[in-house]
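Visitor: Sequence plus predicted model, see below.
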Amino acid sequence: MVLDEVNFAELYQQQMVQAGRTTKAPEHWDARAEQMAESCANPLDPYLVQLKEKMDLSGASTLFDMGCGPGSVCLSVADSLKHVYGVDYSRGMLQVAARRAEYMGLQNVTLMNYSWEDDWHEIPECDIAVASRSTLVADLRQAMIKLNNKAKLRVYTTHTVATSFVDVNIQRAVGRPVVELPNYIFAVNILYQLGIHPNVDYIRGPNCQNKTETFAAFLESVNWSLGTLTDEEQQKLEQYYLQKQASGEPIVPPSRDWALVSWHKTKTL
(Lines give C-alpha, C1' and ligand atoms only; values in the text may rest on other atoms or scores of the structure.)
Protein backbone atom coordinates (compact mmCIF):
# COMPACT_ATOMS: atom_id res chain seq x y z
CA MET A 1 0.00 0.00 0.00
CA VAL A 2 1.31 3.46 -0.94
CA LEU A 3 1.52 5.75 2.09
CA ASP A 4 -0.24 8.61 0.32
CA GLU A 5 -3.26 6.36 -0.27
CA VAL A 6 -3.83 5.99 3.48
CA ASN A 7 -6.26 8.57 4.84
CA PHE A 8 -4.73 9.21 8.27
CA ALA A 9 -7.23 11.94 9.11
CA GLU A 10 -10.07 9.47 8.60
CA LEU A 11 -8.25 6.72 10.51
CA TYR A 12 -7.77 9.13 13.41
CA GLN A 13 -11.50 9.84 13.55
CA GLN A 14 -12.32 6.15 13.33
CA GLN A 15 -9.98 5.42 16.24
CA MET A 16 -11.62 8.15 18.31
CA VAL A 17 -15.03 6.59 17.64
CA GLN A 18 -13.78 3.09 18.52
CA ALA A 19 -12.31 4.46 21.74
CA GLY A 20 -15.66 6.04 22.61
CA ARG A 21 -13.91 9.37 23.01
CA THR A 22 -16.25 12.36 22.99
CA THR A 23 -15.57 16.02 23.62
CA LYS A 24 -16.02 16.85 27.28
CA ALA A 25 -18.37 19.72 28.07
CA PRO A 26 -16.70 22.98 29.19
CA GLU A 27 -18.19 22.48 32.66
CA HIS A 28 -16.13 19.33 32.98
CA TRP A 29 -12.95 21.41 32.77
CA ASP A 30 -14.40 24.29 34.80
CA ALA A 31 -14.43 21.96 37.80
CA ARG A 32 -10.75 21.09 37.28
CA ALA A 33 -9.43 24.61 36.75
CA GLU A 34 -8.14 25.26 40.27
CA GLN A 35 -6.47 21.87 40.53
CA MET A 36 -4.79 22.21 37.13
CA ALA A 37 -3.48 25.65 38.06
CA GLU A 38 -1.62 24.03 40.95
CA SER A 39 -0.13 21.23 38.88
CA CYS A 40 0.06 21.97 35.14
CA ALA A 41 0.72 25.70 35.56
CA ASN A 42 3.42 25.32 38.22
CA PRO A 43 6.55 27.03 36.82
CA LEU A 44 8.61 24.11 38.15
CA ASP A 45 6.45 21.45 36.50
CA PRO A 46 8.95 19.24 34.60
CA TYR A 47 6.71 19.09 31.54
CA LEU A 48 6.40 22.86 31.34
CA VAL A 49 10.11 23.41 31.96
CA GLN A 50 11.05 21.03 29.13
CA LEU A 51 8.49 22.49 26.74
CA LYS A 52 9.76 26.03 27.27
CA GLU A 53 13.35 24.87 26.74
CA LYS A 54 12.41 23.30 23.41
CA MET A 55 10.37 26.24 22.07
CA ASP A 56 12.21 28.78 19.93
CA LEU A 57 10.83 32.27 20.58
CA SER A 58 13.55 34.09 18.62
CA GLY A 59 12.16 36.75 16.30
CA ALA A 60 8.71 36.39 17.87
CA SER A 61 6.68 39.06 19.63
CA THR A 62 3.27 37.35 19.87
CA LEU A 63 2.03 33.90 20.86
CA PHE A 64 -1.33 32.13 20.60
CA ASP A 65 -1.98 29.32 23.11
CA MET A 66 -4.90 27.10 22.07
CA GLY A 67 -6.46 25.11 24.90
CA CYS A 68 -4.52 27.28 27.33
CA GLY A 69 -6.25 25.96 30.44
CA PRO A 70 -5.14 28.06 33.44
CA GLY A 71 -2.56 29.80 31.25
CA SER A 72 0.15 27.19 31.73
CA VAL A 73 2.16 28.11 28.62
CA CYS A 74 1.07 31.60 27.59
CA LEU A 75 1.52 33.16 31.03
CA SER A 76 4.86 31.46 31.58
CA VAL A 77 6.36 33.10 28.47
CA ALA A 78 4.49 36.43 28.58
CA ASP A 79 7.50 38.28 30.00
CA SER A 80 9.48 37.36 26.88
CA LEU A 81 6.92 38.59 24.35
CA LYS A 82 5.01 41.73 23.43
CA HIS A 83 1.60 40.06 23.71
CA VAL A 84 0.15 36.59 24.33
CA TYR A 85 -3.32 35.22 23.64
CA GLY A 86 -4.75 32.39 25.73
CA VAL A 87 -7.75 30.62 24.19
CA ASP A 88 -9.96 27.98 25.81
CA TYR A 89 -13.58 26.83 25.65
CA SER A 90 -13.74 26.51 29.43
CA ARG A 91 -14.71 29.80 31.06
CA GLY A 92 -13.61 28.38 34.40
CA MET A 93 -10.08 27.88 33.05
CA LEU A 94 -10.03 31.40 31.64
CA GLN A 95 -11.16 32.85 34.97
CA VAL A 96 -8.29 31.11 36.74
CA ALA A 97 -5.87 32.25 34.01
CA ALA A 98 -7.09 35.84 34.39
CA ARG A 99 -6.57 35.73 38.15
CA ARG A 100 -3.08 34.30 37.71
CA ALA A 101 -2.18 36.95 35.11
CA GLU A 102 -3.29 39.70 37.50
CA TYR A 103 -1.31 38.16 40.36
CA MET A 104 1.77 37.98 38.12
CA GLY A 105 1.35 41.64 37.16
CA LEU A 106 1.04 40.83 33.45
CA GLN A 107 -0.47 43.55 31.27
CA ASN A 108 0.09 41.90 27.89
CA VAL A 109 -2.37 39.00 28.08
CA THR A 110 -5.66 38.60 26.21
CA LEU A 111 -7.89 35.65 27.09
CA MET A 112 -10.51 34.47 24.59
CA ASN A 113 -13.35 31.96 24.86
CA TYR A 114 -13.26 29.72 21.77
CA SER A 115 -13.27 25.99 21.08
CA TRP A 116 -11.38 24.07 18.41
CA GLU A 117 -14.57 23.84 16.36
CA ASP A 118 -15.46 27.55 16.50
CA ASP A 119 -14.73 30.12 13.82
CA TRP A 120 -11.36 31.64 14.73
CA HIS A 121 -11.81 34.78 12.66
CA GLU A 122 -11.48 37.07 15.70
CA ILE A 123 -8.29 35.38 16.93
CA PRO A 124 -5.30 37.35 15.59
CA GLU A 125 -2.44 35.75 13.70
CA CYS A 126 0.58 35.38 15.97
CA ASP A 127 4.23 34.59 15.44
CA ILE A 128 3.98 31.41 17.50
CA ALA A 129 1.01 29.04 17.83
CA VAL A 130 0.96 26.50 20.65
CA ALA A 131 -1.37 23.65 21.55
CA SER A 132 -0.03 21.99 24.68
CA ARG A 133 -1.72 18.78 25.83
CA SER A 134 -4.91 19.93 24.11
CA THR A 135 -4.77 18.15 20.74
CA LEU A 136 -7.01 15.13 21.35
CA VAL A 137 -9.75 16.74 19.29
CA ALA A 138 -12.53 15.38 17.08
CA ASP A 139 -10.89 16.46 13.81
CA LEU A 140 -7.10 16.54 14.10
CA ARG A 141 -6.48 17.45 10.46
CA GLN A 142 -8.64 20.55 10.70
CA ALA A 143 -7.06 21.46 14.04
CA MET A 144 -3.55 21.32 12.57
CA ILE A 145 -4.64 23.42 9.59
CA LYS A 146 -6.17 26.07 11.84
CA LEU A 147 -3.05 26.26 14.03
CA ASN A 148 -0.80 26.50 10.99
CA ASN A 149 -2.85 29.29 9.50
CA LYS A 150 -2.80 31.35 12.71
CA ALA A 151 1.01 31.14 12.98
CA LYS A 152 3.45 33.45 11.24
CA LEU A 153 6.67 31.69 12.24
CA ARG A 154 6.35 28.40 14.13
CA VAL A 155 3.83 25.93 15.57
CA TYR A 156 4.32 23.73 18.65
CA THR A 157 1.92 20.92 19.53
CA THR A 158 2.17 18.10 22.06
CA HIS A 159 0.50 14.71 21.83
CA THR A 160 0.48 11.55 23.90
CA VAL A 161 3.05 8.87 23.15
CA ALA A 162 1.10 6.11 24.89
CA THR A 163 -2.26 5.16 23.41
CA SER A 164 -4.12 5.36 26.71
CA PHE A 165 -4.38 7.89 29.54
CA VAL A 166 -5.11 5.06 31.97
CA ASP A 167 -2.71 2.16 32.44
CA VAL A 168 -4.13 -0.81 30.52
CA ASN A 169 -3.57 -2.97 33.62
CA ILE A 170 -5.99 -0.76 35.54
CA GLN A 171 -8.57 -0.98 32.77
CA ARG A 172 -8.29 -4.77 32.76
CA ALA A 173 -8.38 -4.93 36.58
CA VAL A 174 -11.79 -3.24 36.75
CA GLY A 175 -13.11 -5.29 33.85
CA ARG A 176 -13.26 -2.50 31.31
CA PRO A 177 -12.30 -3.13 27.67
CA VAL A 178 -8.92 -1.58 26.90
CA VAL A 179 -9.45 1.75 25.16
CA GLU A 180 -6.67 2.89 22.84
CA LEU A 181 -6.63 6.45 21.60
CA PRO A 182 -4.77 7.80 18.56
CA ASN A 183 -1.32 9.05 19.53
CA TYR A 184 1.23 11.44 18.03
CA ILE A 185 1.92 9.20 14.99
CA PHE A 186 -1.38 10.34 13.52
CA ALA A 187 -0.38 14.01 13.84
CA VAL A 188 2.96 13.37 12.11
CA ASN A 189 1.33 11.50 9.22
CA ILE A 190 -1.51 14.00 8.82
CA LEU A 191 0.99 16.85 8.64
CA TYR A 192 3.08 14.90 6.12
CA GLN A 193 0.02 14.55 3.90
CA LEU A 194 -0.57 18.29 4.23
CA GLY A 195 2.92 18.88 2.85
CA ILE A 196 4.49 19.68 6.23
CA HIS A 197 7.55 17.80 7.50
CA PRO A 198 7.46 18.36 11.27
CA ASN A 199 10.18 17.96 13.84
CA VAL A 200 9.50 15.41 16.58
CA ASP A 201 10.97 15.60 20.06
CA TYR A 202 9.93 14.12 23.39
CA ILE A 203 9.05 15.42 26.82
CA ARG A 204 9.03 13.18 29.87
CA GLY A 205 7.07 14.40 32.84
CA PRO A 206 5.48 12.96 35.96
CA ASN A 207 2.22 11.10 35.54
CA CYS A 208 -0.48 13.57 36.58
CA GLN A 209 -2.60 10.58 37.63
CA ASN A 210 0.02 9.57 40.18
CA LYS A 211 -2.31 10.42 43.07
CA THR A 212 -2.11 7.16 44.95
CA GLU A 213 -1.45 8.23 48.56
CA THR A 214 -4.92 7.00 49.47
CA PHE A 215 -7.41 4.80 47.67
CA ALA A 216 -9.91 7.67 47.64
CA ALA A 217 -7.47 9.86 45.70
CA PHE A 218 -6.67 7.00 43.32
CA LEU A 219 -10.37 6.30 42.76
CA GLU A 220 -11.07 9.96 42.01
CA SER A 221 -8.28 9.98 39.42
CA VAL A 222 -9.55 6.82 37.71
CA ASN A 223 -13.15 8.09 37.76
CA TRP A 224 -11.96 11.27 36.05
CA SER A 225 -10.42 9.34 33.18
CA LEU A 226 -12.72 6.33 32.78
CA GLY A 227 -15.99 7.78 33.97
CA THR A 228 -17.62 6.93 37.29
CA LEU A 229 -16.97 3.31 38.21
CA THR A 230 -19.77 1.02 39.36
CA ASP A 231 -19.69 -0.38 42.90
CA GLU A 232 -18.36 -3.69 41.53
CA GLU A 233 -15.66 -1.91 39.53
CA GLN A 234 -14.67 0.11 42.60
CA GLN A 235 -14.24 -3.11 44.58
CA LYS A 236 -12.03 -4.57 41.84
CA LEU A 237 -10.01 -1.35 41.72
CA GLU A 238 -9.49 -1.43 45.49
CA GLN A 239 -8.26 -5.03 45.28
CA TYR A 240 -5.81 -3.98 42.57
CA TYR A 241 -4.68 -1.01 44.68
CA LEU A 242 -4.11 -3.14 47.78
CA GLN A 243 -2.25 -5.82 45.82
CA LYS A 244 0.08 -3.26 44.30
CA GLN A 245 0.60 -1.61 47.66
CA ALA A 246 1.47 -4.94 49.30
CA SER A 247 3.94 -5.84 46.55
CA GLY A 248 5.65 -2.46 46.64
CA GLU A 249 5.13 -2.02 42.90
CA PRO A 250 4.09 1.38 41.48
CA ILE A 251 0.32 1.61 41.37
CA VAL A 252 0.51 3.71 38.19
CA PRO A 253 3.46 4.36 35.87
CA PRO A 254 5.50 7.17 37.47
CA SER A 255 6.02 9.12 34.25
CA ARG A 256 4.16 10.05 31.09
CA ASP A 257 5.83 10.84 27.80
CA TRP A 258 4.62 13.47 25.37
CA ALA A 259 5.67 14.00 21.77
CA LEU A 260 6.46 17.55 20.76
CA VAL A 261 5.47 17.88 17.11
CA SER A 262 6.54 21.26 15.72
CA TRP A 263 7.09 22.91 12.38
CA HIS A 264 8.07 26.16 10.67
CA LYS A 265 5.23 27.98 8.92
CA THR A 266 5.95 27.92 5.21
CA LYS A 267 2.50 28.27 3.69
CA THR A 268 -1.16 28.85 4.45
CA LEU A 269 -3.26 25.73 4.04
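Guide: Arrived safely.
Visitor: Pick out the residue nearest the middle of the chain.
Guide: Centroid-nearest residue in the chain: Arg133, 1.5 Å away (criterion: Cα atoms, centre = their mean).
Visitor: residues in contact with the closest residue to it other than its chain neighbours?
Guide: In this structure, Arg133 finds its nearest non-sequential neighbour in Thr158, 5.6 Å apart by Cβ to Cβ, 6 or more residues apart in numbering. To be clear about C-beta, it is placed using only N, CA and C from the backbone, and glycine gets the same treatment. Contact analysis of Thr158 by Cβ atoms under 8 Å, 6 or more residues apart in numbering lists 51, 131-133, 135, 203, 258-261.
Visitor: The same query, at a cut-off of 7 Å, please.
Guide: If you count contacts by Cβ atoms under 7 Å, 6 or more residues apart in numbering, Thr158 has them with 51, 132-133, 135, 203, 258-260.
Visitor: out of those, which one sits closest to Leu226?
Guide: Closest approach between the contacts of Thr158 and Leu226, by Cβ to Cβ: Arg133, at 18.6 Å.
Visitor: What's the per-residue pLDDT of the closest one here?
Guide: Arg133 carries a pLDDT value of 93.
Visitor: cool, and Leu11?
Guide: Confidence score, pLDDT, at Leu11: 95.
Visitor: how much space between it and Val179?
Guide: Look at Leu11 and Val179: by Cβ to Cβ, to the nearest Å, they are 16 Å apart.
Visitor: Between those two, tell me which one has more neighbours.
Guide: Val179 (17 against 14; other Cβ atoms under 10 Å).
Visitor: any idea how far the closest residue to Ser80 other than its chain neighbours lies from Thr110?
Guide: Counting by Cβ to Cβ, 6+ apart, Ser80 lies nearest to Leu57, which is 5.7 Å off, once chain neighbours are set aside. According to Cβ to Cβ, Leu57 stands 18 Å off from Thr110.
Visitor: so what's the nearest residue to Thr160 once chain neighbours are set aside up against?
Guide: Spatial nearest neighbour of Thr160, chain neighbours left out: Asn183 (5.1 Å); criterion: Cβ to Cβ, 6+ apart. Asn183 makes contacts with 159-163, as judged by Cβ under 7 Å, 6+ apart.
Visitor: can we see that at 8 Å?
Guide: By Cβ under 8 Å, 6+ apart, the contact set of Asn183 is 159-163, 259.
Visitor: Now do it, the pLDDT please.
Guide: 95.
Visitor: Could you report the distance from it to Gly92?
Guide: Distance from Asn183 to Gly92, by Cβ to Cβ: 28 Å.
Visitor: got it, and Ala162?
Guide: Separation of Ala162 from Gly92 (Cβ to Cβ): 27 Å.
Visitor: in stretch 124-133, what counts as buried?
Guide: Buried residues in stretch 124-133, counted by 16 or more other Cβ atoms under 10 Å: 126-133.
Visitor: again, but for stretch 61-79
Guide: Buried residues in stretch 61-79 (16+ other Cβ under 10 Å): 61-78.
Visitor: do stretch 243-257 as well
Guide: Quick answer for stretch 243-257 (16+ other Cβ under 10 Å): 244, 251-252, 256-257.
Visitor: Mind telling me what element Asp65 is part of?
Guide: strand 62-66 (DSSP states H and E).
Visitor: Which residues does the helix or strand following that strand contact?
Guide: Downstream of strand 62-66, the next assigned helix or strand under DSSP H and E is helix 74-77. The contact list for helix 74-77 (Cβ under 8 Å, 6+ apart) reads 41, 43, 48, 52, 55, 57, 63, 65, 68, 84-86, 97, 100-101, 104, 106, 109, 130.
Visitor: again, 10 Å this time
Guide: Helix 74-77 is contacted by residues 41-43, 45, 48-49, 51-52, 55, 57, 60, 63-66, 68, 81, 83-87, 97-98, 100-101, 103-104, 106, 109-111, 128, 130, 132 when judged by Cβ atoms under 10 Å, 6 or more residues apart in numbering.
Visitor: three-state assignment of Ser164?
Guide: Using DSSP: H, G, I helix; E, B strand; the rest coil, the structure places Ser164 in coil.
Visitor: thought it was touching Ile170?
Guide: Yes - with contacts counted by Cβ atoms under 10 Å, Ser164 reaches Ile170, the gap being 9.3 Å.
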